[in-house]
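Colleague: From the sequence below, what's the structure:
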Amino acid sequence: MKEEQEAVIPLVEERVVVDKRTVDKASVRVHTHTERHIDIARATLEHEEVEISRVAKDEEVASLPPVRTEGNVTIVPVVEERLVVTKRLVLVEEIHLKKIHRAQEFTQPVELLRQRAEVERYETGGKPKQE
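Modeller: Below is the predicted model:
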């Protein structure tokens, strides 16, 4: 009988190992410049005034008249009681309040700031990069 021989065959396997490293290829320098310029701020300023006038009436009324508005005039009745043989309500006067709308233009120089940025790129070795 013959002896059988076993053959051993080694198996080989390759594996990949990935590694990363940082490499400086270029750098960037950023300069900011602040500029000053004058601009004009504009606004319309509004206000109201009340013009007061008294209108004599001296009319007898049965009851207190209400406050009323005619156009842009507000009328406030003023009454008094007068002793006569009988008591009567007499409209003595009205106070007329007239609204007057006025507008005035306003301008004011205002200093504003604005920034600009300049970017310079440099290759490794300090040479400016061509773009």
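
Colleague: can we go C-alpha only for contacts and neighbour counts from here?
Modeller: OK.

Colleague: dump the residue contacts of residue 116.
Modeller: Counting by C-alpha atoms under 8 Å, 6 or more residues apart in numbering, residue 116 makes contact with 32-35.

Colleague: After whichever strand or helix holds residue 30, which helix or strand is next?
Modeller: Following DSSP states H and E, one finds residue 30 within strand 26-61. Downstream of strand 26-61, the first helix or strand assigned by DSSP H and E is strand 68-70.

Colleague: returning to that earlier point: can you tell me which of the contacts of residue 116 is nearest residue 96?
Modeller: residue 35 (56.2 Å; C-alpha to C-alpha).

Colleague: who touches the closest one in this structure?
Modeller: Counting by C-alpha under 8 Å, 6+ apart, residue 35 touches 113-116.

Colleague: Tell me what it is bridged to.
Modeller: With DSSP bridges as the criterion, residue 35 is bridged to residue 114.
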